[in-house]
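Colleague: Next comes the sequence, and after it the predicted model I'd like to discuss.
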Amino acid sequence: MGYRYAVERADRADLASGHVLRSAPGFPGFPVRLASELFQRAMVHTGRETVRLWDPCCGSGYLATVLGHLHRDRLTHVRATDVDADSVALAARNLRLLTAEGLAEREEELRRSARDFGRVSFVERAEAARDLAAGLAAAGGDLPHEAAVADVFTLEGAVPADLVVTDVPYGEMTRWEGAVPGDPMRELLASLGRVLPERAVVVVTARTRRVALPEGVRALERVRVGNRAAALVRARDVAP
């Protein structure tokens, strides 16, 4: 299979964690260009023009929100879940930035901070929020989304998603929580395989040299950039 995807080369400082999107201690960001490349690679395997995106280990919702802005024209819905309620609350605030109203509120919040603290950086961030709103409108407008508390290891019922992109805990700033099994990666993939449509594509990334897959599962693709590795798999191939 050949690939046609565009590597994001534009300066996307407006999407940096903590600039317009909200951040908090213990919630790492994710390289924007890598996120875009993985999404585009996965889209080839879905065989679809548009998809419903899900991040089941969402943390602050940064990755899902970034992909929502970068690829609004290819997305119909964004879902973000995590076992930690505080993470989901933060993710919900970031996902709100996938709407014109949410970005307008964020712009006003940043301009108010600029007035109160007299810092030029807040003005720049407010203008970045305005620019994101213009880009969102041009790409299709508000993106439907939801954030919910869910343990990825105990999922039940079908989840309407065509593409999963998630950055799993790696023991530094983040860690596994919930009903953690002895082999978290294997059980995460098995759980996703149970609830996703069989042709859905799952992209799992981690700070490691190579993402370990269950025995007998062949990756659609593997990608390694810097200290991060990713594996793309078909949901039916990891279903128990």
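Modeller: Arrived safely.

Colleague: Please count neighbours and contacts with C-alpha atoms only from this point.
Modeller: Fine.

Colleague: confidence score at the most far-flung residue of the chain relative to its centre?
Modeller: Going by Cα atoms, centre = their mean, the residue of the chain most distant from its centre is G118, 33.1 Å out. The confidence metric pLDDT takes the value 88 at G118.

Colleague: got the contact list for the lengthiest helix in the chain?
Modeller: Secondary structure of the chain read by DSSP state H shows that its longest helix is helix 120-139. Contacts with helix 120-139, where a contact means Cα atoms under 8 Å, 6 or more residues apart in numbering, come from 14, 19-20, 69, 72-73, 98-100, 103-104, 106-111, 113-114, 142.

Colleague: how does it look with 10 Å?
Modeller: Under the criterion Cα atoms under 10 Å, 6 or more residues apart in numbering, residues 12-15, 18-21, 68-74, 97-115, 141-143 lie in contact with helix 120-139.

Colleague: Of those residues, just the buried ones, PyMOL syntax please.
Modeller: The buried subset of the contacts of helix 120-139, as determined by 16 or more other Cα atoms under 10 Å, is captured in PyMOL by this line:
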select buried, resi 14+15+19+20+21+68+69+70+71+72+73+74+97+98+99+100+102+103+104+106+107+108+110+111+113+114+141+142+143
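
Colleague: Quickly note the distance from the residue nearest to T99 when sequence neighbours are not counted to L189.
Modeller: Of all residues beyond its chain neighbours, the one nearest T99 is D142 (4.4 Å), with distances taken as Cα to Cα, 6 or more residues apart in numbering. D142 sits at a distance of 31 Å from L189 (criterion: Cα to Cα, to the nearest Å).

Colleague: Give me the pLDDT for the closest residue to A100 other than its chain neighbours.
Modeller: Nearest non-adjacent residue to A100, counting by Cα to Cα, 6+ apart: A133, 5.8 Å away. For A133, the pLDDT comes out at 98.

Colleague: ok, A133 - how many residues close by?
Modeller: Around A133 sit 24 other residues, with neighbours defined as other Cα atoms under 10 Å.

Colleague: Let the chain start at 59 from now.
Modeller: All right, first residue 59 from here; so that's A191.

Colleague: All the strands of the protein, in order from the start?
Modeller: For the chain, strands defined by DSSP state E occupy the ranges 109-113, 133-140, 203-207, 221-225, 259-264, 279-283, 286-292.

Colleague: May I see these arranged in a markdown table, with mean neighbour count and mean pLDDT as well?
Modeller: Formatted as a markdown table, those follow (neighbours: other Cα atoms under 10 Å; pLDDT from 0 to 100):
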| stretch | mean neighbour count | mean pLDDT |
| --- | --- | --- |
| strand 109-113 | 23 | 98 |
| strand 133-140 | 23 | 98 |
| strand 203-207 | 19 | 98 |
| strand 221-225 | 25 | 98 |
| strand 259-264 | 24 | 97 |
| strand 279-283 | 15 | 97 |
| strand 286-292 | 23 | 97 |
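
Colleague: Make a markdown table from the ones you listed and add distance to G240 to it.
Modeller: Shown next, in a markdown table, are the strands of the chain (distance: least, Cα to Cα, whole Å):
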| stretch | distance to G240 |
| --- | --- |
| strand 109-113 | 22 |
| strand 133-140 | 19 |
| strand 203-207 | 22 |
| strand 221-225 | 19 |
| strand 259-264 | 17 |
| strand 279-283 | 24 |
| strand 286-292 | 20 |
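
Colleague: Good, wrapping up.
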